[in-house]
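**Q** dropping a prediction and its sequence here:
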Amino acid sequence: MIEPSATPLLAAEQDLRDAALRPVVNAGRRFWVLFIGLGLFALAGTIAYGLQLAAGGLSLTGYTDQIFWGSYEATMVAFIGFSYGGALVSAILRLTNASWRGPISRIAEGTALATLLVGALFPIIHLGHPERIWELFVHPNFQSPIFWDMVAILTYMLATLVLLALPLIPDLAALQDDPRLTRWHRRLYRVLSLGWVAAPAQRRALTRAMTIVAILIVPMAVVVHTVLSYTFSLTSRPGWNSTIFGPYFVIGAVYSGVAVVILAALAYRRAYGLQRWIDDRSIRNLALVLVALGVTYAYATFSELTTEGFVGKQAEVELLYGLMLERYAPLFWSFVAMGLVAPIALIVIPRTRTPAGIALAAGMVVVAMYLKRLLIVVPPLSRPAIGGEAGSYFPSPVEIAIVTGAAAGVAMIILFLFRLVPVLAVDEMQEIERERAEALAQSGRAAGHGPVVVGEAIDG
Amino acid sequence: MCRIARARDHPVMAGSGHEDSAAPIDKTEAEARPPDQHELSRRAFVKAAGLLGASGMLAAGGLIGVTSLVRIAAADDLASASPEELAQRQWAFVIDLRRCDGCGDCTKGCQKMHHLPEGQEWIKVYNLTGAGGQPIALPVLCQMCERPPCVQVCPVVATYKVPDGVIVVDQNICIGCRMCMAACPYGVRVFNWQVPPQVPAGEESTSPLFNSPQRQGTVGKCDSCAHRLREGGFPACVTSCSMEAIYVGDLVADVATNGVDTVVLSDFLRTNDAFRLKEELGTQPRVYYIAGHGQDLDF
C-alpha cells in the first residue's frame, strides 16, 4: 500500500513511517512505568470521586455558601482551554499553510481531544446531583449560560474528534498492512481509513473536508470559551461582570493550550528520539506563537485591572487590593512571574530559546494559567455580597485528588492515543515536503541538492 | 415556535421559501443536460433533508419549551387556585430598619419553621456600620425580584417565579450547579452541602413552595413562606420578630402588616422614603427597606 514516490526527495519516507509508529510498535519499558504511575493517580482521583458521590453531594469539598465554586470550575475552564490551544494550532496553521505545522499537528489534535474529554467531565463532577444531568436535555432553559456551555462543548467535542480523525485517514490506510502492527491495530486502521486508496478524487474530498473542519473549528472554539466565560460574566458580581471576559478567556485558552502542545511535542520528541522530525524549527516557531499569545494575555490582564482600578469603585478596588497586595497577592504575583514574565523572557532571549528553555517556559505557563483560573473563580466570590467577613477557601483532599487524577488522566489518554495511531502526521508531512520540493524545483535551486530531509530547517 | 415548525414541515409551505426561486433555472438546465438530473435530485434531497432537520429541531425546541412551562404549572401543587387567581396577590415585604435591633429572632424563627440544617440562614441579619459610625442591622431575605437573575440562569428550570411573585426552588429537579447562587446579587441562596436534619413526622413536604427537609446537593433559599401566605398566614420571620420590624404585604391590594399595625403599602413606602437594595442592578426587588435618620445605606 506504499504510495509510489515520484521523486527522490521522498527517500526519507520509510524512516518517517518508522518514526511515526515508534510509540505504537515499541513503547518501551519507561512507557509502562509512566503509564502505571499515572494510572495510580487517576485511580486515586476516581476513588475520591466515588467518595464524593457516596457522601451524597458536595460535602467533601472545601466549598462554602460564600465560595461555592473553586477547583472544579477552575479545572473545567483550564482543561477545556488547553483543548482550544491544540485545536486552534492545528486549524490555523493548516489554514495559513504554515510549512512547519507538519510534525506538530497530530500531537496538537491529540492534546485537544484528550484535554477536552477530561475537561468536559468537570461540569458534571461539580454538580450536587450529577445523576440529574438528563434534566439538561429534557427540560433545558435556553436562557442559561450552562445550557449554552453544554451545547457548545458537545458540538466542539465532535469537531475535535473529526479534526483528529480526518488527517488520520491516509496515514492509517498506508500503514494498515504494516507487519509490525498487531492484528488488532491493523483491523482498526482498516476500519478508520474508510477505504482510502489515495485516489485523486479522495484526496480532493479529504483536503476540502479538512479545510472545512479547520475553518469551522476556529469560530467554534471562540464560541465555546466565550460562553464558558459567560458562566461568570453574565452575573452582576464585581470581578466577573466584565466585558473583556469573553475574549480574555479565549486568549487565555489558546495561550495555555499552545503550552500544552509544546510540552507534549517535546516529550514525544525526547522519549522516542524524534528530533529529526519534530525539528527545532517547529518547536521554536510554536514558542514564538506562545510569546505572542503571552503578550496579548498580559495586555488583556493589564487592561482589565487598570480600567477597574483607576475609576475606583468600591467593590472593584477591594478586589484589586486583595489580588495585588493582600490575601491573594502571593498567588497573583506568582501568576505574573511564572505565567507572563519568565516564560516570555525565556523564549525571547536567544540564549535560552533552547528545547529545555522552551519546555520550562511552557511548563510554567500551564501551571500559572491554572493558578490564574483559580484567581478568576475564587476572589470575586470571597467578597461578601452585602456585608460580613470575606470568605476563605482551600481545596479539600478529595478535590485535590480528583484534579490531579484528571491531569494524570489527560496524560494517559495522550499516551494511549499514540499507542493506537501514529504520533506524526505522515501524509501531511509528505504533502508539505512535496510542495516544498516543487517550489524548490521551480526556483531552480533543487538542481545541486541531494534528498531533502523532511523537517530540515529551510527559511523563507 | 411550534407554529413555525409546523408551517415549515408542511409540504406547500416548505416549498414556498425563497431558496426555491432558483429551482426553475436548475430545471431547464437539467432538461438540457440529462447527466445533471442526478446532481439535481441529490441537491433537492439535501435541501429537503436540511429543511426537515431544521424544522424537526425547531419542533423539538418548542416541545421542550412547552414541557418546561407545563412543569412550572404542575409544580404549583399547593395551589388550589388557578394561576390567574394566584396572580391576584403580589407579595412584598417592608423592613423597618428603625425598629430592627439585630436580635436575629427572624432568622431563628425561619430556621425552626423550615427545619433548616444547622447554620443555614434564609434571612441573614448583617451587622453593618453606617456612614456616621452607627451600627445598622440589616435583615436580608429573598428580595423577590421582578426580574430575578437567578431564574434566568438556572439551566433546568428548577427555580422559577410562581404567579403570586414568590421565587421557589424545586429541589426534586435542581442539579446543584450553583449558577443561581452566582447570579443572585443579594447572597440569599444557600447550598445544602451536608445531610439535612430529620424532620418530625407529618411535616415533610417535597413541594417547591415548602421543601422540608432540605435536599442534600441542592440549592435552598427563602421561599417567602409561600405556603403560609396562600393559606392566609404570615411568614415565620414576620411572626417571630418581637420588634414588629418586618411587614408583609400585597402590592395589588396595596396593604401591608407586621401583625400588629396595618398600613397602606404605597403611602407607607412613600412617606418613609423606602428604598430597595442594589436598585442600580435593575432587578426590581419587592423587598423595601425604611432607613432611620442619617443612615447611609448604599449597598
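**A** Cool, got the structure.
**Q** skip the chain neighbours and tell me the closest residue to whichever residue of the stretch 51-200 of chain B sits closest to chain A.
**A** Scanning the stretch 51-200 of chain B for proximity to chain A using C-beta to the nearest C-beta identifies B:G176 as nearest, at 2.1 Å. C-beta: built from backbone N, CA, C; applies to glycine. Among residues not flanking B:G176 along the chain, A:G128 sits closest, at 2.1 Å (C-beta to C-beta, 6 or more residues apart in numbering or on different chains).
**Q** correct me, but the one you found touches B:I173?
**A** No: in this structure, A:G128 is not within contact of B:I173 by C-beta atoms under 8 Å, at 11.9 Å.
**Q** contacts only, for the residue nearest to B:G176.
**A** With contacts taken as C-beta atoms under 8 Å, 6 or more residues apart in numbering or on different chains, A:G128 has the following neighbours: A:57-58, B:174-178, B:191-192, B:216-219.
**Q** picking that back up, the residue of the stretch 51-200 of chain B closest to chain A: which element?
**A** Using DSSP states H and E, B:G176 sits within no helix or strand.
**Q** do you know how far it is from A:T231?
**A** Noted for B:G176: a distance of 15 Å to A:T231, by C-beta to C-beta, to the nearest Å.
**Q** looking at these two, which one has more neighbours?
**A** When B:G176 is set against A:T231 and neighbours are counted by other C-beta atoms under 10 Å in any protein chain shown, the residue ahead is A:T231, at 27 against 24.
**Q** for that one, give me the pLDDT.
**A** What the model reports as pLDDT for A:T231 is 94.
**Q** show me what counts as buried in stretch A:174-193.
**A** A:A174, A:L175, A:Q176, A:D178, A:L181, A:H185, A:R186, A:L188, A:Y189, A:L192, A:S193 (16 or more other C-beta atoms under 10 Å in any protein chain shown).
**Q** was I right about the first one contacting A:A425?
**A** Spelled out, that is A:A174. No: taking contact to mean C-beta under 8 Å, the distance of 11.7 Å between A:A174 and A:A425 leaves them out of contact.
**Q** residue contacts, A:T235?
**A** A:T235 sits next to A:N241, B:P149, B:V153, B:A182, B:A183, B:P185 when contact means C-beta under 8 Å, 6+ apart.
**Q** double-check that it belongs to a helix.
**A** No: counting by DSSP: H, G, I helix; E, B strand; the rest coil, A:T235 falls outside a helix, being coil.
**Q** for it, what are phi and psi?
**A** The phi/psi pair for A:T235 (degrees, to the nearest 10) reads phi -120, psi 170.
**Q** the closest residue in space to B:F93 that isn't next to it in sequence: how many residues sit nearby?
**A** Closest residue in space to B:F93, ignoring its immediate chain neighbours: B:V287 at 4.5 Å, by C-beta to C-beta, 6+ apart. Taking other C-beta under 10 Å as the criterion, the count of residues near B:V287 is 24.
**Q** could you do the one 4 residues further on as well?
**A** The local packing of B:A291 (other C-beta under 10 Å) involves 19 other residues.
**Q** does it touch B:F275 like I think?
**A** Yes: using C-beta under 8 Å, B:A291 and B:F275 qualify as a contacting pair, with a distance of 6.7 Å.
**Q** point out where chain A drops to low pLDDT.
**A** Across chain A, residues meeting the criterion (pLDDT under 70) sit at A:1-11, A:444-460.
**Q** for chain B, what's the nearest residue on the stretch 251-400 of chain A?
**A** Here the residue of the stretch 251-400 of chain A nearest chain B is A:A385; by C-beta to the nearest C-beta that distance is 3.3 Å.
**Q** A helix includes that residue, no?
**A** No: residue assignment for A:A385, taken from three-state DSSP, gives coil, which places it outside any helix.
**Q** quick one: the residue of the stretch 51-200 of chain B closest to chain A and B:L269, what's the gap?
**A** Taking C-beta to C-beta as the criterion, B:G176 is separated from B:L269 by 37 Å.
**Q** helices or strands up against the helix or strand A:A205 falls within?
**A** For A:A205, the host element (DSSP H and E) is helix A:200-233. Here helix A:200-233 is seen to pack against helix A:71-95, helix A:145-175, helix A:245-271, helix A:355-382, helix B:179-183 when contacts are counted using 3 or more C-beta pairs under 8 Å, 6 or more residues apart in numbering or on different chains; DSSP states H and E.
**Q** buried sites along that helix?
**A** Counting neighbours by 16+ other C-beta under 10 Å, one finds that the buried residues in helix A:200-233 are A:202, A:206, A:210, A:213-214, A:216-217, A:220-233.
**Q** now stretch A:12-20
**A** Within stretch A:12-20, the residues scored as buried using 16+ other C-beta under 10 Å are A:A12, A:E13, A:L16, A:R17, A:A19, A:A20.
**Q** can you list which of these are found in helices?
**A** A:E13, A:L16, A:R17, A:A19, A:A20 (DSSP state H).
**Q** now those residues as TSV including distance to A:A362?
**A** Compiled in TSV, these are given as follows (distance: C-beta to C-beta, whole Å):
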residue	distance to A:A362
A:E13	30
A:L16	25
A:R17	28
A:A19	22
A:A20	23
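**Q** which of these sits closest to A:T352?
**A** Checking those against A:T352 by C-beta to C-beta gives A:A19 as the nearest, at 27.7 Å.
**Q** surely the closest one touches A:R276?
**A** Yes: in this structure A:A19 lies within contact range of A:R276 using C-beta under 8 Å: 7.3 Å.
**Q** so how far is stretch A:358-366 off the chain centroid?
**A** A distance of 13 Å separates the C-alpha centroid of stretch A:358-366 from that of its chain, computed with C-alpha atoms, centre = their mean, to the nearest Å.
**Q** just say helix, strand or coil for the residue nearest to B:G176.
**A** Once three-state DSSP is applied, A:G128 turns out coil.
**Q** ok, now B:A256?
**A** B:A256 carries the three-state label strand when classified by three-state DSSP.
**Q** can you give me the buried ones in stretch A:127-147?
**A** Counting neighbours by 16+ other C-beta under 10 Å, one finds that the buried residues in stretch A:127-147 are A:127-130, A:132-133, A:135-136, A:139-141, A:144-147.
**Q** ok, now stretch B:100-115?
**A** Judged by neighbour count (16+ other C-beta under 10 Å), stretch B:100-115 contains these buried residues: B:C100, B:G102, B:G104, B:D105, B:C106, B:T107, B:G109, B:C110, B:Q111, B:M113, B:H114, B:H115.
**Q** list the residues that contact the spatially closest residue to the last one that is not a sequence neighbour.
**A** What that stands for is B:H115. Distance criterion C-beta to C-beta, 6+ apart; nearest residue to B:H115, sequence neighbours excluded, is B:V199 at 4.6 Å. Contacts for B:V199 were tallied using C-beta under 8 Å, 6+ apart; they are B:H115, B:S212, B:P213.
**Q** if we go to 10 Å?
**A** With contacts taken as C-beta atoms under 10 Å, 6 or more residues apart in numbering or on different chains, B:V199 has the following neighbours: B:H114, B:H115, B:S205, B:S212, B:P213, B:Q214.
**Q** please apply the same query to A:G339.
**A** A:G339 is in contact with A:252, A:255-256, A:259, A:294, A:297-298, A:301, A:364-372, counting by C-beta under 10 Å, 6+ apart.
**Q** how does it look with 8 Å?
**A** Neighbouring residues of A:G339 by C-beta under 8 Å, 6+ apart: A:G294, A:Y297, A:M364, A:V365, A:V367, A:A368, A:M369, A:L371, A:K372.
**Q** again with A:F232
**A** By C-beta under 8 Å, 6+ apart, the contact list for A:F232 reads A:W240, A:F245, A:I376, A:V377, A:P380, B:A182.
**Q** what stretches of chain B score poorly on pLDDT?
**A** Low-confidence segments of chain B, defined by pLDDT under 70, span residues B:1-80, B:293-299.
**Q** mind giving me the domain ranges of it?
**A** B:2-75, B:83-290 (automatic domain parsing).
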